[in-house]
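[1] give me a 3D structure for the following:
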Amino acid sequence: MSLAPQHPRVGLGWDRHAVAAGRPCTLAGIPLQCSVGPVGHSDGDVLLHALTDALLGAAGLDDLGTLFPNDDPQWSGAASSDFVVHAMKLLQQENLRPLSADLVVICEQPRIGQHRAQMRNRLAELLELPLDRVNLKGKSTEGGSEAAASAIEVQAVVLLGALG
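    Numbers count the residues shown, from 1 in each chain. Next up is the predicted model:
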C-alpha cells in the first residue's frame, strides 16, 4: 500500500541522560544555571536529542545514534542544535517539514518554568515554526525515586507534512 506524500507523519523521540554535579546544563540550546548538568558526548542537550530523533523517525530516516555516534570524536562537545539543523536539511531533501512539536522534560532539576518561554522560542526558531506550533512542558517526578532525580528525560512528538 502506498500513501500520498501529503499525508502527515508522526515521530516520537525519547532520550535520557544522567546528570552530574558541575556539568554545564543546556536545554533547547539555552544555557541554564543549575548545580547539575546532563552527561553526554556532545553538549548533552537531551531535549534537542529527543527532538532530533522525533524528526528523523517521522521521516523514516536513521536515528540520532546512527548519524551522530557517541564514540565519534567529531561529535565530542558538539552543540546539539547542529543535530536539529542537520535533521531539518534531511527533511527538506525528503520534501518534508515540521508542522508542530510537543515536548516534555522530566526531571527534578533544573526547573524549567522560568526558562520555558526562551526555550520554546529557540525550538520554534530551529524548527522554523510559529510559536503556537511548539509546546514545551516541564514535569517533576515529585520525589518519585532516587534514579529519577539523577537524570533528565525528554519525550518529543512531531508532526511532519509535505513541503509546499
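[2] CA atoms for contacts and neighbours, from now on please.
    Noted.
[3] which residues touch Gln33?
    By CA atoms under 8 Å, 6 or more residues apart in numbering, the contact set of Gln33 is Cys25.
[4] and the one 5 residues further on, by the same measure?
    Pro38 is in contact with 17-20, 23-26, 44-46, 151-152, counting by CA under 8 Å, 6+ apart.
[5] next structured bit after the lowest-mean-pLDDT helix or strand in the chain?
    Every helix and strand in the chain was compared by mean pLDDT, DSSP states H and E; the lowest is helix 146-149, with a mean of 59. Where DSSP states H and E defines the elements, the next helix or strand beyond helix 146-149 is strand 151-162.
[6] work out the gap between that next one and the centre of the chain.
    Chain-centre distance of strand 151-162: 6 Å, with CA atoms, centre = their mean, to the nearest Å.
[7] what about that strand, average pLDDT?
    Mean pLDDT, strand 151-162: 96.
[8] can you pull out the helices in the chain?
    46-58, 64-67, 81-93, 116-127, 146-149 (DSSP state H).
[9] to Val10, which of these lies closest?
    Comparing those against Val10 with CA to CA, the closest turns out to be helix 46-58 (4.9 Å).
[10] rewinding a little: of all the helices of the chain, which lies closest to Gln109?
    Closest among the helices of the chain, using CA to CA: helix 146-149, at 7.5 Å.
[11] contacts only, for the nearest residue to Ala21 once chain neighbours are set aside.
    Leaving out its chain neighbours, the residue that sits closest to Ala21 by CA to CA, 6 or more residues apart in numbering is Val36, at 4.2 Å. Neighbour list for Val36: 19-25, 109-110 [criterion: CA under 8 Å, 6+ apart].
[12] can we see that at 6 Å?
    The contact partners of Val36, taken as CA atoms under 6 Å, 6 or more residues apart in numbering, are 19-23.
[13] from those, which is closest to Pro8?
    Nearest to Pro8 among those, with distances taken as CA to CA, is Val19, at 35.5 Å.
[14] what count of nearby residues applies to the closest one?
    22 (other CA atoms under 10 Å).
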